[in-house]
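Peer 1: Sequence isn't available, so here's the structure alone:
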């Protein structure tokens, strides 16, 4: 089965409805810059994971659309800041000019800042049991902060000569934690008792690793179109990757192993895992 | 009576205890950059306002230290990003090199991002009635986003030829809302019923206006030491201020009027308003 495009379309439809200020407001230009990056398309893997997790809990997706949107906003904010000249200095993202190329650096910084603030505001406004919402906010901000995405980007821009252990740690912070929290925030919102979350959590953890290995492979083997960024850009930036560290063949074996472990964890989930499996398959197979 | 330094010291002591990563972590350098800006001193007006509001509710300050710290972290994050070369391009802040001068631009952007994420995490972890905490998170992120601090900075860096109305709107977003929410988040955390919040809210709103008028006056009349930034920097940046718009005498009259209105609102608060009054007096009198 293929990628769950019905969930992706539900995410896209919901994101389209979000406006951060009125058209005649003094901040209308900031709203435009934020929506430019947020609505740039893509597979929406993180929010789709969130919705697929809701389905695995037997819930309707509607109550999870706010959480899914918030996670995509956090992800978009990280891309906008990572692309900045002082960071990765990328001019293109999904074939389009990056935020600072289109709107200038000041607006790009503020568009990222705004997306994060609005993401938390959207999350905190979800109307269900406040203790569940609060746990989800804790999980997402923890995955975003120093012991998460921001910390991972810090290691990425400052570290030199990473070994395998440090590489895994970096990717766990920078990419893995937000992918995991896409699943875990849905578990919190759905009120699944903590002891019952273990299979989902192992699945999500493995999926984060799989995602990064395949990303590194694609940087070497993929085309710009599949990749959404210039092929070989990691190599040119002198970054340590699974491929530079282990070679292409071993990286592919690690990806296969990781995919199998994700599916094994998924089989222990008590619920409809079809959508989650299709996401895992998609992430694994986009290599080819 | 003078500024409540006992509350400022309580804030400083609490901030000192906050570490964002372990000393031997790969993110220890990010922790250092975040703490460098967070612990740079200052009057801590926003967190002190939060604690003084707790006292006016008859509460002990201990339960409000997390909220106070989070608000100061949000404020610090905004200063770090506003100082960036792409924004106001300031080299000094409170007589010390700004974050990007000391740590480079990439780390400064990430230090700001990290402070914001950790601020929300700290807030969301406050142990009291979850619905109160959630309301405080909503208030703070709403005051921080497009219809608040980030939106205000956007207008500040992009707008030209502001009139009086637009200037008030800009300052309301950029400065006023965070000052107001320093009071309002404490009211939410303390569980004060919404209809009883009105006098506090009018006080806080007036205080935000007063703060900005006095800031604009000090930019013309103050010394670098009092101001914590190079005197005349607004003028050099070609910014519209209360002084450039109304002249120094009229700005002083507006400050006095605003101070009186803040005190009038405060007199309607049912509780110990001594600390809140001392903050209002301090903000007004630092002009001289």
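Peer 2: Ah, there it is. Note that the coordinates shown come from a computational prediction; the quantities given were computed from them, not determined experimentally.
Peer 1: Only C-alpha atoms from now on, for both contacts and neighbour counts.
Peer 2: Will do.
Peer 1: got a list of what the closest residue to residue A:88 other than its chain neighbours touches?
Peer 2: For residue A:88, ignoring the flanking residues on the chain, the nearest one in space by Cα to Cα, 6 or more residues apart in numbering or on different chains is residue A:82 at 5.8 Å. By Cα atoms under 8 Å, 6 or more residues apart in numbering or on different chains, residue A:82 lies in contact with A:88-89, A:153.
Peer 1: How about residue A:76?
Peer 2: Taking Cα under 8 Å, 6+ apart, one finds A:37-38, A:112, A:115 in contact with residue A:76.
Peer 1: ok, now how distant is it from chain B?
Peer 2: For residue A:76, the distance to chain B equals 13 Å [Cα to the nearest Cα, to the nearest Å].
Peer 1: Also residue A:213?
Peer 2: The value you get for residue A:213 to chain B, if Cα to the nearest Cα is used, is 21 Å.
Peer 1: just so I have it, where are all the strands in the stretch 51-200 of chain A?
Peer 2: Taking DSSP state E, counting those that start in this stretch as the criterion, the stretch 51-200 of chain A contains strands spanning A:92-93, A:96-97.
Peer 1: for the ones you listed, which one ends up most surrounded?
Peer 2: Counting by mean count of other Cα atoms under 10 Å in any protein chain shown, strand A:92-93 has the highest mean neighbour count of the strands of the stretch 51-200 of chain A, with a mean of 17.
Peer 1: Name every strand pairing with it and say which way it goes.
Peer 2: Strand pairing for strand A:92-93, using DSSP bridges, gives strand A:96-97 (antiparallel).
Peer 1: Distance from the partner strand to the middle of the chain?
Peer 2: 19 Å (Cα atoms, centre = their mean, to the nearest Å).
Peer 1: End to end on stretch A:170-186, go ahead and measure it.
Peer 2: Distance across stretch A:170-186, first residue to last, is 24 Å (Cα to Cα, to the nearest Å).
Peer 1: hang on, the earlier thing: quick one: which of the contacts of residue A:82 sit in helices?
Peer 2: residue A:153 (DSSP state H).
Peer 1: Considering the contacts of residue A:82, which possesses the most neighbours?
Peer 2: Compared across those, residue A:153 has the highest neighbour count, 26 neighbours, by other Cα atoms under 10 Å in any protein chain shown.
Peer 1: And for it, nearest residue in space, chain neighbours not counted?
Peer 2: residue A:174 (5.8 Å).
Peer 1: Going along the chain, name the helices of the stretch 51-200 of chain A.
Peer 2: According to DSSP state H, counting those that start in this stretch, the stretch 51-200 of chain A carries its helices in the segments A:65-82, A:99-103, A:105-124, A:130-144, A:149-158, A:164-171, A:177-190, A:198-221.
Peer 1: so which of the contacts of residue A:76 comes closest to chain B?
Peer 2: Using Cα to the nearest Cα, residue A:115 is the member of the contacts of residue A:76 that lies nearest chain B, at 7.8 Å.
Peer 1: Can you say which of the strands of the stretch 51-200 of chain A is nearest to residue A:29?
Peer 2: Nearest to residue A:29, of all the strands of the stretch 51-200 of chain A, is strand A:96-97, at 16.7 Å by Cα to Cα.
Peer 1: now what about the closest one, what contacts it?
Peer 2: For strand A:96-97, contacts defined as Cα under 8 Å, 6+ apart pick out residue A:91.
Peer 1: Repeat that for stretch A:115-127.
Peer 2: With Cα under 8 Å, 6+ apart as the criterion, stretch A:115-127 contacts A:20, A:34, A:66-67, A:69-71, A:73-74, A:76-77, A:133-134, A:136-137, B:134-135, B:137-138, B:141-142, B:144-146.
Peer 1: And that stretch, what's buried?
Peer 2: A:115-126 (16 or more other Cα atoms under 10 Å in any protein chain shown).
Peer 1: Now those residues in TSV, please, with extra columns for pLDDT.
Peer 2: Converted to TSV, the buried residues of stretch A:115-127 look like this (pLDDT from 0 to 100):
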residue	pLDDT
A:115	98
A:116	98
A:117	98
A:118	98
A:119	98
A:120	98
A:121	97
A:122	97
A:123	97
A:124	96
A:125	95
A:126	97
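Peer 1: Between all of those, which two are separated the most?
Peer 2: A:115 and A:126 (16.8 Å).
Peer 1: that older thread, what's the closest of the strands of the stretch 51-200 of chain A to residue A:242?
Peer 2: strand A:92-93 (22.1 Å).
Peer 1: And the closest one, how far out from the chain middle?
Peer 2: 17 Å.
Peer 1: Which residue does the stretch 151-288 of chain A have closest to chain B?
Peer 2: For the stretch 151-288 of chain A, Cα to the nearest Cα, closest residue to chain B: residue A:151, 5.9 Å.
Peer 1: tell me the contacts of that residue?
Peer 2: By Cα under 8 Å, 6+ apart, the neighbours of residue A:151 are A:145, A:173-174, B:27, B:30, B:114.
Peer 1: could those go into a markdown table alongside neighbour count and pLDDT?
Peer 2: Shown next, in a markdown table, are the contacts of residue A:151 (neighbours: other Cα atoms under 10 Å in any protein chain shown; pLDDT from 0 to 100):
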| residue | neighbour count | pLDDT |
| --- | --- | --- |
| A:145 | 26 | 97 |
| A:173 | 25 | 92 |
| A:174 | 28 | 90 |
| B:27 | 24 | 95 |
| B:30 | 25 | 98 |
| B:114 | 30 | 98 |
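Peer 1: which one of those residues sits closest to residue B:101?
Peer 2: residue B:30 (14.6 Å).
Peer 1: Chain neighbours aside, what residue packs nearest to that closest one?
Peer 2: residue B:111 (6.3 Å).
Peer 1: Surely the one you found touches residue B:29?
Peer 2: No. Using Cα atoms under 8 Å, residue B:111 is not in contact with residue B:29, being 9.7 Å away.
Peer 1: Please list the residues of the stretch 51-200 of chain A that sit near chain B.
Peer 2: Counting by Cα under 8 Å from any Cα of the partner chain, the positions of the stretch 51-200 of chain A adjacent to chain B are A:86-87, A:105-107, A:109-110, A:113-115, A:117-118, A:120-121, A:124-125, A:130-131, A:133-135, A:137-138, A:141-142, A:144-147, A:150-155, A:157.
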